[in-house]
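Q: Predicted coordinates and the sequence they were generated for:
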Amino acid sequence: MSNKLTKENYFLDTNIFIYSFDDRSPQKKEISQNLIEGALSSGKGSISFQVIQEFLNVALRKFEVPLSEKDAQVFLGIVLRPLCKAHSSVSLYSKAVEITERYKYSFYDSLIISAALETKSKYLFSEDLQHGQKIEDLEIVCPYKK
C-alpha cells in the first residue's frame with residue numbers, strides 16, 4: 001500500500017477488518033493489518049458505528065473460529081473504539097439517501113460512503129465498492145489491487 005495514500009485522512013470499510021483475521025488470504029491479511037496499524041498510530045484512519053456493528057456480527061458468528069466474547073471486547077476497546085469517528089445522525093442518513101439515488105449504491109454502502117465523507121477522508125479503502133470512483137472529495141481504493 002502506498003504510503004502516499006495513508007498520509008491523508010482515510011476510512012476503512014468492514015472488509016478490511018475481516019481480512020485482518022483471514023489466514024486463508026495471507027496477502028490481504030497483511031495489507032489489512034498494516035492499514036489498521038497505520039490508522040491507529042497516525043490518527044489518520046477512521047471508521048463508523050456501522051463498521052463496528054458489521055465486523056462484530058461477522059467475528060462473533062461467521063468466522064471459521066469465532067472470536068470469544070472476551071477477545072471481541074478487547075478488539076472493540078483497543079482497535080474499533082479509537083477509530084470510530086462517525087456516529088449515527090440524521091445528516092449521515094440524509095447524505096446516504098442522496099448517494100444511493102445519485103450513484104446507485106445500496107443504502108448500506110452509501111452509509112459507509114457518507115461516513116467517509118463526514119470524517120473528511122480523502123480515501124475509502126474497500127474491496128466491495130468501485131475502485132477509482134470519486135464521490136465529492138473522496139476516492140474509493142481497493143487496497144488489494146496491484
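A: Received it, and whenever you're ready, just let me know what you need. Just so we're clear, the structure is a prediction, and the values are computed from it rather than from any experiment.
Q: in the protein, which ranges drop under the pLDDT threshold?
A: Along the chain, the model assigns pLDDT under 70 to residues 1-4.
Q: which residues of it fall in helices?
A: Secondary structure of the chain (DSSP state H): helices at 14-19, 26-42, 49-61, 69-75, 81-83, 90-103, 107-118.
Q: Can you check which of these gets nearest to residue 127?
A: helix 14-19 (4.8 Å; CB to CB). C-betas here are computed from N, CA, C, even on glycine.
Q: residues making contact with the closest one?
A: Applying CB atoms under 8 Å, 6 or more residues apart in numbering, the contact partners of helix 14-19 are 25, 28-29, 31-32, 35-36, 50-51, 54-55, 58-59, 79-80, 112, 125-128, 143.
Q: on that earlier part again, please produce TSV containing the helices of the chain, extended by mean neighbour count and distance to residue 7.
A: Rendered in TSV, the data for these read as follows (neighbours: other CB atoms under 10 Å; distance: least, CB to CB, whole Å):
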stretch	mean neighbour count	distance to residue 7
helix 14-19	23	18
helix 26-42	16	8
helix 49-61	17	22
helix 69-75	13	26
helix 81-83	16	17
helix 90-103	14	25
helix 107-118	22	17
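Q: can I get these in TSV with distance to residue 6?
A: Formatted as TSV, the helices of the chain follow (distance: least, CB to CB, whole Å):
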stretch	distance to residue 6
helix 14-19	12
helix 26-42	5
helix 49-61	17
helix 69-75	21
helix 81-83	13
helix 90-103	24
helix 107-118	14
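Q: Residue 138: which of those helices is closest?
A: Across the helices of the chain, closest to residue 138 is helix 107-118 (CB to CB), at 5.5 Å.
Q: what residues does that closest one touch?
A: Residues contacting helix 107-118 (CB under 8 Å, 6+ apart): 11, 13-14, 46-48, 50-51, 86, 91-93, 95-97, 99-100, 103, 105, 124, 126, 128-129, 135-138, 140.
Q: between it and helix 90-103, how big is the angle?
A: Angle, helix 107-118 to helix 90-103, by axes from the mean of the first three to the mean of the last three CA atoms, to 10 degrees: 120 degrees.
Q: next one: helix 107-118 to chain centre, how far?
A: How far helix 107-118 lies from its chain's middle: 10 Å, per CA atoms, centre = their mean, to the nearest Å.
Q: Output it in CSV with nothing but the alpha carbons.
A: The C-alpha trace of helix 107-118 is given here as CSV (Å, rounded to 0.1, in the frame of the first residue of the first chain):
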residue,chain,number,x,y,z
PHE,A,107,-28.2,2.1,1.2
TYR,A,108,-25.7,0.4,3.5
ASP,A,109,-22.8,1.0,1.1
SER,A,110,-24.0,4.6,0.8
LEU,A,111,-24.0,4.9,4.5
ILE,A,112,-20.3,3.8,4.5
ILE,A,113,-19.5,6.4,1.9
SER,A,114,-21.5,9.1,3.8
ALA,A,115,-19.5,8.3,6.9
ALA,A,116,-16.2,8.5,5.0
LEU,A,117,-17.2,12.0,3.7
GLU,A,118,-18.3,13.1,7.2
